[in-house]
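Participant: the sequence and its predicted three-dimensional model are supplied below.
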Amino acid sequence: MFWVLLLLLAWAAAGTTCTRLCLASVRAAAVDDTEAGHGRRLTLYEAAFLSGGPARVADLTLVSMARQRRLLLAHTGWATVVDPRGRDEMERSVLGAIGPDGQSRIAPVRTTAAAAESVRALADHLVAAGLAVPDGARTTVAGAVRQVRSAAAAVVALAAVALLMPSQAQENEALVAVWFTLPLILTLSCLAIARIEVHPYTRWASPAGQRLLSALARRADSGSDDRTYLTTVAVRGIRAIGEPDLRAAFAHREPPV
């Protein structure tokens, strides 16, 4: 009857992870406010944060300054200041991250700028407006979904071990398989419900924020000016950068020492 212990492990994994997913979904649903953001438009920084978080805000700021020729981003991965005057808090954060020498590697600049107080203030503003997911819940749903998937795989593995154990030769294999099917059905059902109810498993934007992002993306697809270019970068990230040299600047990595 050793398979019973394996079945208990399967139920424990399935029950624990499914409970976490349900609780995470409830917390995510609590962020949804159908009136949040009604009648307003996102700024580029807001769109960048809701799409990709603090790192996306830093990337957008760098690209925007580079497009205005106030910052040079070399394909070798270096940033050089041309105009040391920041026009807003985000730009001043980038300039401060580059430092007084006016030149720095792009990677540490992105990291430092993403952690700046101006970005944290932007995040707090979006959370208060009901457009961003609170910090404590940002990775909850996606993480819970991954845990349920792992639990489903664990149930299958435990069932295989139980059915292949030599000591189970006299047991009713069909009955053992049925018992393990139950926790598997539980995990798969939770995943299916999560896919319908809370997908996409966003990390940054609340459902209201996602609606505004969708509207912004549609407007970006219909335009062709510089703001449209920056909007595309804010929503889709640096992969949307058209210039090969500029894209290479962000992709550059230091060779291992």
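Facilitator: Received the coordinates, thanks. It should be emphasised that the depicted structure is a prediction, and the values quoted were computed from it without experimental measurement.
Participant: buried residues, the one helix or strand in the chain whose mean pLDDT sits lowest. List them.
Facilitator: For the chain, the helix or strand with the lowest mean confidence is helix 207-221, at a mean of 81 (criterion: mean pLDDT, DSSP states H and E). Taking 16 or more other Cβ atoms under 10 Å as the neighbour-count basis, helix 207-221 is seen to contain the buried residues 207-213, 216-217, 220. In short, each C-beta sits where N, CA and C put it, glycine included.
Participant: packing partners for the helix or strand hosting Val148?
Facilitator: Per DSSP states H and E, Val148 falls inside helix 140-164. Applying 3 or more Cβ pairs under 8 Å, 6 or more residues apart in numbering; DSSP states H and E, we find helix 140-164 packed against helix 2-31, helix 173-197.
Participant: report the angle between it and helix 2-31.
Facilitator: 170 degrees (axes from the mean of the first three to the mean of the last three Cα atoms, to 10 degrees).
Participant: can you give me how far helix 140-164 is from the chain middle?
Facilitator: Per Cα atoms, centre = their mean, to the nearest Å, the displacement of helix 140-164 from the mean C-alpha position of its chain is 23 Å.
Participant: pLDDT weak spots in the stretch 101-250 of the chain?
Facilitator: 136-139, 167-171, 197-202, 220-225 (pLDDT under 70).
Participant: and the pLDDT at Arg253?
Facilitator: Predicted confidence (pLDDT) for Arg253: 58.
Participant: so for the protein, the centremost residue is which one?
Facilitator: With distances taken as Cα atoms, centre = their mean, Arg203 lies nearest the centre of the chain, 4.1 Å away.
Participant: what about that one, is that helix, strand or coil?
Facilitator: Using DSSP: H, G, I helix; E, B strand; the rest coil, the secondary structure recorded for Arg203 is coil.
Participant: I'd say it and Pro134 touch.
Facilitator: No - using Cβ atoms under 8 Å, Arg203 makes no contact with Pro134, being 11.6 Å away.
Participant: give me the number of residues near Pro134?
Facilitator: 16 (other Cβ atoms under 10 Å).
Participant: my guess is it contacts Asp124. True?
Facilitator: No - taking contacts as Cβ under 8 Å, Pro134 lies outside contact range of Asp124: 9.8 Å.
Participant: in stretch 98-115, what counts as buried?
Facilitator: Neighbour count says stretch 98-115 has 98, 104, 106, 109-110, 112-114 buried, by 16+ other Cβ under 10 Å.
Participant: could you export that stretch as PDB, CA atoms only?
Facilitator: Output of stretch 98-115 as PDB, limited to C-alpha atoms (Å, rounded to 0.1, in the frame of the first residue of the first chain):
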ATOM      1  CA  ILE A  98      25.500  58.000 -16.100                       C
ATOM      2  CA  GLY A  99      27.500  60.100 -13.700                       C
ATOM      3  CA  PRO A 100      29.500  63.300 -13.800                       C
ATOM      4  CA  ASP A 101      32.000  61.900 -16.400                       C
ATOM      5  CA  GLY A 102      29.200  62.000 -19.000                       C
ATOM      6  CA  GLN A 103      29.800  58.500 -20.200                       C
ATOM      7  CA  SER A 104      29.000  55.000 -18.900                       C
ATOM      8  CA  ARG A 105      28.100  51.500 -19.900                       C
ATOM      9  CA  ILE A 106      24.400  51.300 -20.800                       C
ATOM     10  CA  ALA A 107      23.600  48.200 -18.700                       C
ATOM     11  CA  PRO A 108      24.400  49.700 -15.300                       C
ATOM     12  CA  VAL A 109      22.600  52.900 -16.400                       C
ATOM     13  CA  ARG A 110      19.400  51.000 -17.100                       C
ATOM     14  CA  THR A 111      19.600  49.200 -13.800                       C
ATOM     15  CA  THR A 112      20.200  52.300 -11.700                       C
ATOM     16  CA  ALA A 113      17.600  54.400 -13.600                       C
ATOM     17  CA  ALA A 114      15.000  51.600 -13.200                       C
ATOM     18  CA  ALA A 115      15.500  51.700  -9.400                       C
END
